[in-house]
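> task: produce atomic coordinates for the following.
(2 chains)
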Amino acid sequence: MWNVDKVLNKDAEHFAPDQIGVTVSRMPNLLSAKKVDELTVELTTKEPDSFLPINLTNLFIASPAHWKKKLTAVPAAVADPKERAKQAWVAFAADASGSGPFRMAKFVPRERLELVRNPDYWDAKRRPKIDRVVLLPIPEPSARTAALLSGQVDWIEAPAPDAIPQIKSKGFVVHTNAQPHVWPWQFSFAENSPWLDKRVRYAANLCVNRDELKQLLGGLMEVPKGTVPPGHPWWGNPKFEIKYDLAAAKKLMTEAGFGPTKRLKVKTITSASGSGQMQPVAMNEFLQQALKDCFFDVELEVVEWNALFTNWRAGAKDPTSRGAHATNVTFAAMDPFFAMVRFSSTKTFPPVSNNWGYFGNEVSDKLIAAARNAFEDKARDAALANLHAYIVDEAPFLWVAHDVGPRAMSAKVKNVVQPKSWFIDLAPMTLD
Amino acid sequence: MLVYLAKRIVFTLPIMLGVAIVCFLLVHLAPGDPLVSVLPPDASEALKQQMMALYGFDRPLVEQFGRWLGRALAGDLGTSIRTSRPVVVEVAKAVSNTLMLAALATIIGFILGTLLGFIAGTFRDTWIDKASSFLSVIGVSVPHYWLGMVLVIIFAAQLGWLPPTGAGPGGSENWRWDWAHIRYMILPAVTMSVIPMGIIARTVRALVAEIMSQEFIAGLRAKGLTRLGVFRHVVKNVAPTALAVMGIQLGYLLGGSILIETVFAWPGTGLLLNDAIFQRDLPLLQGTILVLASFFVVLNLVVDVLQAALDPRISRS
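Model (predicted):
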């Protein structure tokens, strides 16, 4: 309740308006929380929403007792209650409390976070074997690689793909696994968009040899079959198979009225870098070349990452889209809203959310409503599978790659389990 | 002199106001959403408006500028959107880190630049001169970013002599002037020093060449002064200009280098700017640019006043 109040109750002593963005935005239906008994909390939402339990982790549960301690330590000279609360939260961020396998020992913003093992962790089997973990932000991929190769660090995130052979040749281990992170072109369904024709959308999806792209990226991608992979509870059984079939792609384009003498001009906006964008320029140039074989003439426009991200919400019809017919913003697909709903509902058309291309209709809305109203896990997964199958069959994206979250580590780091997620479990790891 | 000083300070005020306006407007005119670092793009429009109001971004631009300037004059540059920490605290820490790096880079640049310049000027038009001049031109021309990466590959990744990134084993918070920490500075400082080295070398070479060709040098030699004695006279004549050039270079280096500090993850103003740009942290970006721009303005003021103090003709003119 205290943690719900911190972002929903403006009268609460600990109300933290700057935390609203990363919490409430993930659960816009949440209205309030009420204590039922010592072990039960009642949450009230605006409408039936079976996705809420999945999204509740985004509340980022903080310790009320620890926050109170920080509040008490704020100098008495600071009289304004809002300012006192703000300062208490800043102090909390610098010295957060937790009950996990590791505890925060030191935090220097923008420089380092040090974690130490929690010897009192409740689950004795998962008490960490490593005493201390130091996290350092090193923004430049080549510098990260050098830090690993020189032995300054034992582990780096996202090594540069062209450094992988060198890293492996020196005895380091590269861990990868497909993650719920999609690298797509999101098509525009606005008036006069060339992607309004389903045959053209299918043709683009069939025209890209993703195995070659994987080779280009040093193996650091997974070939997609949809937003989620086959075998996933939300997979469904789409009729359209995403694969490389040049003949079929050309045939579809011919049926749509295009050919060697009548080529289709399409424009895509992308960025030179950005969170999760992998190697956007190289990958887009690969697509540009690949799609040439299917009578596409692709114009690429590279814009600054924040501008691209902001435009994602503004939508294809906005002037900041610069007349583009597709945008290339990668996205996480770890919950139903993030993975599918925001891209396929008429309620998420710009500027409400990220349905940049205005893809959505009565069918998708009904499928989404069915999923939101299914409160048993199996029923909800089945409804989401129907939605996923529908999305793949309608192809509002050119699905290009799934990220594999590469991590390069010293061979000294043992018991690493690379998950299908950004979040990795440090507790079982050991260091020789 | 006091009148001159007062005039220069008065002239500085509109410059500072101009700097404030430019740095405020540039940041606001750049494309992108100022709340991108705290509000996911799928957040509702209502929530977005609520956050805009919270940070004051819903107010007219003139009002935003007035409030920002008023607070800045009182020493409050706002709060970082990303970390919720006061911008002043973040910038002060970064400036002190950059100052350390810039000071070392200037010392390296000055020593090497002066050495190269003297060698080139003394042995004018010989292969030694050409080799020294070649090195100084390389110093001015070579891309910092590339040089930094090459040094990291050689001295950190291949030889393992020096650490490639960071500001010491415990970070800049625990900085100490011992070898364990100073070794973290060497690669970024050397990378940063190549431009001042090149500029100082070229300046000193030209000065030495010119002084050596003057009649008083021939006179000194005719009086029987040893080579070392003549050299002392050359140094005395070269020093003021070389020091002035070094001072200007120090000013440039104080601004930090986004590329160098990013490559070496050195927590100075360059890396802070890099963070602020990529996280679109407007208060931090504005605060950092304002502080750095103010540095230049104040530095120019100090140089002008010092010049006038050393040469009274300047203040009279």
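
> give the buried residues for stretch A:210-227.
Residues of stretch A:210-227 classed as buried: A:210, A:213-214, A:216-218, A:220-227 (neighbour count, 16 or more other CB atoms under 10 Å in any protein chain shown). Bear in mind the C-beta positions are built from the backbone N, C-alpha and C, glycine included.

> for residue 97, list the residues it contacts.
You didn't pick a chain, so chain A it is. Shown in contact with A:S97 (CB atoms under 8 Å, 6 or more residues apart in numbering or on different chains): A:S63, A:A65, A:H66, A:R103, A:M104.

> should've been chain B
B:A167, B:S172, B:W266, B:P267, B:G268, B:T269.

> and which of those residues is nearest chain A?
The shortest approach to chain A among those belongs to B:P267, at 5.1 Å (CB to the nearest CB).

> so A:A408 touches A:K170, yeah?
No - the pair A:A408 / A:K170 is not scored as a contact, 9.9 Å apart, by CB atoms under 8 Å.

> neighbour count: the two, which is higher?
More crowded of A:A408 and A:K170, by other CB atoms under 10 Å in any protein chain shown: A:A408, with 26 against 13.

> looking at strand pairing, list the partners for that one.
A:I156, A:V174 (DSSP bridges).

> then A:S271?
A:V303.

> from chain B, how far out is it?
Plainly put, A:S271 is 11 Å away from chain B if you go by CB to the nearest CB, to the nearest Å.

> and that residue, what pLDDT?
At A:S271, the model reports a pLDDT of 93.

> look up the closest residue to residue 198, ignoring the ones flanking it.
In the absence of a named chain, this looks at chain A. Leaving aside its sequence neighbours, A:K198 sits nearest to A:A395 (CB to CB, 6 or more residues apart in numbering or on different chains; 6.7 Å).

> could you do chain B instead?
The shortest distance from B:G198 to any non-neighbouring residue, by CB to CB, 6+ apart, is to B:G139 (2.9 Å).

> quick check: that neighbour is in a strand.
No - read with DSSP: H, G, I helix; E, B strand; the rest coil, B:G139 is helix and lies in no strand.

> out of the contacts of B:N97, who has the most neighbours?
Among these, the one with the most neighbours (other CB under 10 Å) is B:T269, at 31 neighbours.

> residue contacts, that one?
Here B:T269 is in contact with B:V91, B:A94, B:V95, B:N97, B:T98, B:L254, B:G255, B:G256, B:E261, B:T288, B:V291, B:L292 (CB under 8 Å, 6+ apart).

> again with A:L384
A:P233, A:W234, A:P336, A:M340, A:A371.

> can you do 10 Å?
Shown in contact with A:L384 (CB atoms under 10 Å, 6 or more residues apart in numbering or on different chains): A:50-51, A:228, A:232-236, A:336, A:339-341, A:367-368, A:370-372, A:374.

> and the residues you listed, which of them are buried?
Buried, going by 16+ other CB under 10 Å: A:50-51, A:228, A:232, A:234-236, A:336, A:339-341, A:367-368, A:370-372, A:374, out of the contacts of A:L384.

> hang on, the earlier thing: just the buried residues out of the contacts of A:S97, in ChimeraX syntax.
Filtering those down to the buried ones (16+ other CB under 10 Å) takes a single ChimeraX command:
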select /A:63,66,103,104
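
> just the pLDDT at A:L387, thanks.
Reported pLDDT for A:L387: 98.

> relative to A:K6, how far out is it?
33 Å (CB to CB, to the nearest Å).

> around chain B, pick out the residues from the stretch 251-400 of chain A.
A:273-275, A:303-314, A:320, A:329, A:331, A:337-338, A:341-343, A:348, A:350-356 (CB under 10 Å from any CB of the partner chain).

> now, the residues you listed that are in strands?
If you go by DSSP state E, those have A:V303, A:F331 in strands.

> for A:P428, which non-adjacent residue is closest in space?
A:N415 (4.8 Å).

> ok, how many other residues are close to that neighbour?
Neighbours of A:N415 (other CB under 10 Å): 12.

> now do the buried residues in stretch A:381-394.
A:381-392, A:394.

> now, the residues you listed that are in strands?
Among the buried residues of stretch A:381-394, no member falls in strands (DSSP E).

> so of the residues you listed, which ones are in helices?
With helices defined by DSSP state H, the entries of those inside them are A:381-392, A:394.

> can I get the residues you listed in JSON lines including distance to A:K129?
Listed next are these as JSON lines, based on distance: CB to CB, whole Å:
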{"residue": "A:D381", "distance to A:K129": "36"}
{"residue": "A:A382", "distance to A:K129": "41"}
{"residue": "A:A383", "distance to A:K129": "42"}
{"residue": "A:L384", "distance to A:K129": "38"}
{"residue": "A:A385", "distance to A:K129": "39"}
{"residue": "A:N386", "distance to A:K129": "44"}
{"residue": "A:L387", "distance to A:K129": "42"}
{"residue": "A:H388", "distance to A:K129": "39"}
{"residue": "A:A389", "distance to A:K129": "44"}
{"residue": "A:Y390", "distance to A:K129": "46"}
{"residue": "A:I391", "distance to A:K129": "43"}
{"residue": "A:V392", "distance to A:K129": "43"}
{"residue": "A:E394", "distance to A:K129": "49"}
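
> and what about A:E114, helix, strand or coil?
Under three-state DSSP, A:E114 comes out as strand.

> give the contact list for A:K170.
A:L148, A:L149, A:A408, A:S410, A:A411, B:A157.

> if you skip the residues just before and after it, what's nearest to A:V298?
Counting by CB to CB, 6+ apart, A:V298 lies nearest to A:Q288, which is 4.3 Å off, once chain neighbours are set aside.

> that's a helix at the one you found, yeah?
Yes - judged by three-state DSSP, A:Q288 forms part of a helix.

> report how many residues lie close to it.
For A:Q288, using other CB under 10 Å, the count is 16.

> before we move on, what about B:T226?
What B:T226 shows, counting by other CB under 10 Å, is a neighbour count of 10.

> contacts only, for it.
So B:T226 contacts B:L220, B:R232 (CB under 10 Å, 6+ apart).

> look up how far A:I61 lies from it.
Taken as CB to CB, the span from B:T226 to A:I61 is 79 Å.

> any chance you could map the helices in the stretch 1-150 of chain B?
Per DSSP state H, counting those that start in this stretch, the stretch 1-150 of chain B has helices spanning B:2-29, B:45-55, B:61-73, B:87-122, B:127-141, B:144-151. These are given in chain order.

> quick test: name the residue nearest the centre of the chain.
Using chain A here. A:A332 (2.1 Å; CA atoms, centre = their mean).

> actually chain B
Nearest to chain B centroid, counting by CA atoms, centre = their mean: B:L253, 1.9 Å.

> and it, that one's in a helix?
Yes - counting by three-state DSSP, B:L253 is found in a helix.

> ok now the helix or strand harbouring A:A143, how far from the chain's centre?
Using DSSP states H and E, the element containing A:A143 is helix A:141-149. With CA atoms, centre = their mean, to the nearest Å as the basis, helix A:141-149 stands 25 Å off its chain's centre.

> contacting residues for the residue nearest to the centre of chain B?
Contacts of B:L253 by CB under 10 Å, 6+ apart are B:98-99, B:101-106, B:109, B:189, B:192-193, B:195-196, B:260.

> again, only using 6 Å
Each residue near B:L253 by CB atoms under 6 Å, 6 or more residues apart in numbering or on different chains is listed here: B:A102, B:A105.
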